[in-house]
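Undergrad: A structural model of the following input is requested.
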Amino acid sequence: MQHQKTFDVNVIVPLALRLVVGWTYFSAFWRRLILENKLIPEEAGYIGEKFNHFLPNALGIKPVIEYLVTHPDALWINMVAFTIIEGIVGLALMLGLFTRLMSIGVFLLALGILLASGWIGTTCLDEWQIGILGLASGFTLFLTGSNYLSLDGYFTSKKSRFTQTKWFRFLGSGELNLRSHKPLLLVIVFSIFGLTLFTNQYFHGGVYGTLHNKSVKPKLEISNLKIDRNEVTFDVYRVEGVDVYGSFLIGISLKNESGKQLLQLDGNDLAQLSPQTISNHYVAKIKPGKHSLVIPLGAKATIKIPIDNKWDFQKSAYTLMLTDISGTTWTAGF
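TA: As a prediction, this is how the structure comes out:
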């Protein structure tokens, strides 16, 4: 009686995950370099500006992001390196080459996405979902490795020398004897789940209390207000709102404590502001648009506006008000 080898369905379990997660990361490389070059700092769509959008509400790694967006050369090097790493990890994962090593790459890339931009997403908490699912997928692929339709499996079947080494089981594929490590594996699983709940609550209030989404409406922070000689100076920082859409400022006004209007600029005035009046701090830049002052997400600048009626500025309390095209206003006093 001829023995028929049955197909072990377990070997195909990682395949869909490998292909989909692999393409998710490789497609970032494909979009930025092949379909359209988004690594040119002087052109619209530069990935460094997208990275700047993460800054206001990043979790734990805000100092790193702020350093990079204030050092354009270092930012560009990191964006290039990040893109190449995503391309290598994604392609190798789809091919099933050094699957476990690539799964560690997926885990770390996903963790970076989660902490940096987990708060962004206008409708479906997009970045948070990408990050947290990447963590779970990376961990799962590390456990499974890949044998079916993979280069790891091909080289193993050919008994290539490097596949016979102990390190290949931990960096490539092959059976891992993890029975004695079950408690550790469960700790990792529940740690990932715990991070899921924590970040869902921290970024979006998704576990208890009131839901919130910082990607829906623009929010500006005003600081360092002062009147010096013939100008009003203040810092403005956009910390919330849609990442692909600017805040369009159509009004800046300044009143004293008696309500007298000391400064009033409308959208046309702001559209004609001299570049010398705006000192941008980061890669994402505040600049005059066609009918307003455009403030991208994560942009911060010091704005200096000349004043003519300086004799009206005596010792008093003043209120600065910024008006968005949506009608939203932000005020600060000094």
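
Undergrad: In three-state terms, label residue 137 for me.
TA: Recorded secondary structure, residue 137: helix (DSSP: H, G, I helix; E, B strand; the rest coil).

Undergrad: That one: how many residues sit nearby?
TA: Neighbours of residue 137 under the rule other CB atoms under 10 Å: 22. C-betas here are computed from N, CA, C, even on glycine.

Undergrad: Same question for the one 10 residues further on.
TA: Neighbour count of residue 147, defined by other CB under 10 Å: 22.

Undergrad: Might you report the residue contacts of it?
TA: 11, 153, 156, 173 (CB atoms under 8 Å, 6 or more residues apart in numbering).

Undergrad: Need the worst-confidence member of those.
TA: Lowest pLDDT of the contacts of residue 147: residue 11, 75.

Undergrad: Phi first, then psi, for that residue.
TA: For residue 11, the backbone dihedrals (degrees, to the nearest 10) come out as phi -70, psi -20.

Undergrad: Also residue 10?
TA: Dihedral angles (degrees, to the nearest 10) for residue 10: phi -60, psi -30.

Undergrad: Identify the residues contacting the residue most central in space within the chain.
TA: Geometric centre of the chain, nearest residue: residue 117, 3.5 Å, by CA atoms, centre = their mean. Listed by CB under 8 Å, 6+ apart, the contact partners of residue 117 are 53-54, 58, 127, 131.

Undergrad: Just the ones of those in helices?
TA: Judged by DSSP state H, helices contain the following of those: 53, 127, 131.

Undergrad: My read is that the last one contacts residue 110, right?
TA: By that I understand residue 131. Yes. Counting by CB atoms under 8 Å, residue 131 touches residue 110, with 5.1 Å between them.

Undergrad: got any residues that touch both of the two?
TA: By CB under 8 Å, 6+ apart, no residue touches both residue 131 and residue 110.

Undergrad: follow-up on the earlier one: of the ones in helices among the contacts of residue 117, buried ones?
TA: Among the ones in helices among the contacts of residue 117, the ones that count as buried by 16 or more other CB atoms under 10 Å are 53, 127, 131.

Undergrad: what about the helices in the stretch 151-300 of the chain?
TA: Counting by DSSP state H, counting those that start in this stretch, one finds helices in the stretch 151-300 of the chain at the ranges 151-157, 166-171, 182-204, 267-271.

Undergrad: and residue 252, which of those is closest to it?
TA: Residue 252 lies closest, by CB to CB, to one member of the helices of the stretch 151-300 of the chain: helix 267-271, at 6.7 Å.

Undergrad: By neighbour count, which of the contacts of residue 147 wins?
TA: Within the contacts of residue 147, most neighbours by other CB under 10 Å means residue 173, with 26 neighbours.

Undergrad: How about the contacts made by the closest residue to that one other than its chain neighbours?
TA: Leaving aside its sequence neighbours, residue 173 sits nearest to residue 145 (CB to CB, 6 or more residues apart in numbering; 3.2 Å). Listed by CB under 8 Å, 6+ apart, the contact set of residue 145 reads 14, 99-100, 152, 169, 172-174, 176.

Undergrad: Any chance of the residues you listed in JSON lines with distance to residue 163 as columns?
TA: Shown next, in JSON lines, are these (distance: CB to CB, whole Å):
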{"residue": "14", "distance to residue 163": "17"}
{"residue": "99", "distance to residue 163": "12"}
{"residue": "100", "distance to residue 163": "13"}
{"residue": "152", "distance to residue 163": "8"}
{"residue": "169", "distance to residue 163": "9"}
{"residue": "172", "distance to residue 163": "7"}
{"residue": "173", "distance to residue 163": "9"}
{"residue": "174", "distance to residue 163": "7"}
{"residue": "176", "distance to residue 163": "14"}
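
Undergrad: ok, those vs residue 212, which is closest?
TA: The closest of those, once distances to residue 212 are taken by CB to CB, is residue 14, at 36.5 Å.

Undergrad: my guess is the closest one meets residue 142, correct?
TA: No. The criterion here is CB under 8 Å, and residue 14 misses it with residue 142 at 10.2 Å.

Undergrad: More neighbours: which of those two?
TA: The neighbour comparison of residue 14 against residue 142 (other CB under 10 Å) goes to residue 14, with 26 against 19.

Undergrad: So which elements touch the helix or strand harbouring that one?
TA: Residue 14 belongs to helix 13-29 when assigned by DSSP states H and E. Contact here means 3 or more CB pairs under 8 Å, 6 or more residues apart in numbering; DSSP states H and E; on that basis helix 13-29 packs against helix 72-95, helix 99-117, helix 126-144.

Undergrad: okay, these, which one's buried deepest?
TA: Among the helices and strands packed on helix 13-29, helix 99-117 has the highest mean neighbour count (mean count of other CB atoms under 10 Å), at a mean of 22.

Undergrad: Mind pulling up the pLDDT for residue 306?
TA: For residue 306, the model assigns a pLDDT of 86.
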